[in-house]
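Asker: just a sequence and a predicted model for now, questions to come.
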Amino acid sequence: MAIKKFENINIKKDIKKEKVKLTKEEKKLLKEKKKLKKKELKEIRKEDKKVLLTTKELLPFKDADDDDSIITQMGHIDIFQIDSKDIYSLNEIERKMHIYSFVSFLRGYVYDFKLISMKFPVNTLKQQKFLEKKLKECDNEIYANFLKEKLEQLIFLEENRQNKEFYIMIFIRDTDNKEEIKGLLLRNQNIAIQLKPLDVEKKLKILFKLNNPNTKLIN
């Protein structure tokens, strides 16, 4: 039986976006962000070399596949971010609608999965760079003090505040059924479960945090 491929389900890939020209400052920020990510991955790999062989044998993770799913000793796992919402702002009818929608998801997606709640540090790098640029251009002392105060607030947020994020981890034992299982997951999205794809760097961070709960991640 041929495996069905649901290539059109990945909304982000199918929607054609107009190319936006970035400014020199935006390109610089993007480059710095990528540099920080690369540095963090390098540190993770460096620490991995220090890990005892017995620990590597105990952990099931082996490598990342071409589609950014994680290869394990028992098959594959993949992780998607769940688009969270403020449930306390919903009225009674909306809450019931979300509950019934979640039940519908549980009935529709029949394979194993795990829901994960995790805190990640707030990233204010872009805003910090913007304020630093404004400070260099500013010749008004009062306005400069205002900008410095805002910059200090952003630095404080990045060092002390965390965002609570939610993820769904799916388990795929048979590699031949990978696309079919992922397709079923994406087709069963509704108002209760709306998913966002993650890049491999974010997935590695999630796995690293799950296995090192006391380690603080950097953006």
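Answerer: Alright, I've got the coordinates. Numbers count the residues shown, from 1 in each chain.
Asker: surely residue 169 and residue 117 touch.
Answerer: No. Judged on Cβ atoms under 8 Å, residue 169 makes no contact with residue 117 at a distance of 11.7 Å. All C-beta atoms are positioned from the backbone trio N, CA, C, and that covers glycine.
Asker: the two: which has the busier surroundings?
Answerer: Using other Cβ atoms under 10 Å as the criterion, residue 169 and residue 117 rank with residue 169 on top: 18 against 10.
Asker: can you get me a residue count around the closest residue to the more buried one other than its chain neighbours?
Answerer: Excluding its sequence neighbours, the residue lying closest to residue 169 (Cβ to Cβ, 6 or more residues apart in numbering) is residue 114, at 4.4 Å. Residues near residue 114, counting by other Cβ under 10 Å, number 12.
Asker: the helix or strand where residue 114 lies: partners in the sheet, and parallel or antiparallel?
Answerer: Using DSSP states H and E, residue 114 sits in strand 113-121. Here strand 113-121 has these sheet partners by DSSP bridges: strand 162-172 (antiparallel).
Asker: ok, residues contacting the partner strand?
Answerer: 69, 74-82, 84, 111-122, 178, 181-182, 185, 193, 195, 198, 206 (Cβ atoms under 8 Å, 6 or more residues apart in numbering).
Asker: restrict the residues you listed to the buried ones and give me that as a PyMOL selection.
Answerer: Entered in PyMOL, the line below selects the buried ones among the contacts of strand 162-172, by 16 or more other Cβ atoms under 10 Å:
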select buried, resi 69+75+76+77+78+79+80+81+82+113+116+118+121+178+181+182+185+193+195+198+206
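Asker: and the strands in the chain, which stretches?
Answerer: Using DSSP state E, the strands of the chain run over residues 61-64, 70-72, 75-82, 113-121, 162-172, 195-197.
Asker: okay, buried residues for the longest helix seen in the chain please.
Answerer: For the chain, the longest helix by residue count, based on DSSP state H, is helix 24-50. For helix 24-50, the neighbour count (16+ other Cβ under 10 Å) marks 29, 37, 40 as buried.
Asker: again with stretch 174-188
Answerer: For stretch 174-188, by 16+ other Cβ under 10 Å, it's 177, 178, 179, 180, 181, 182, 183, 184, 185, 186, 188.
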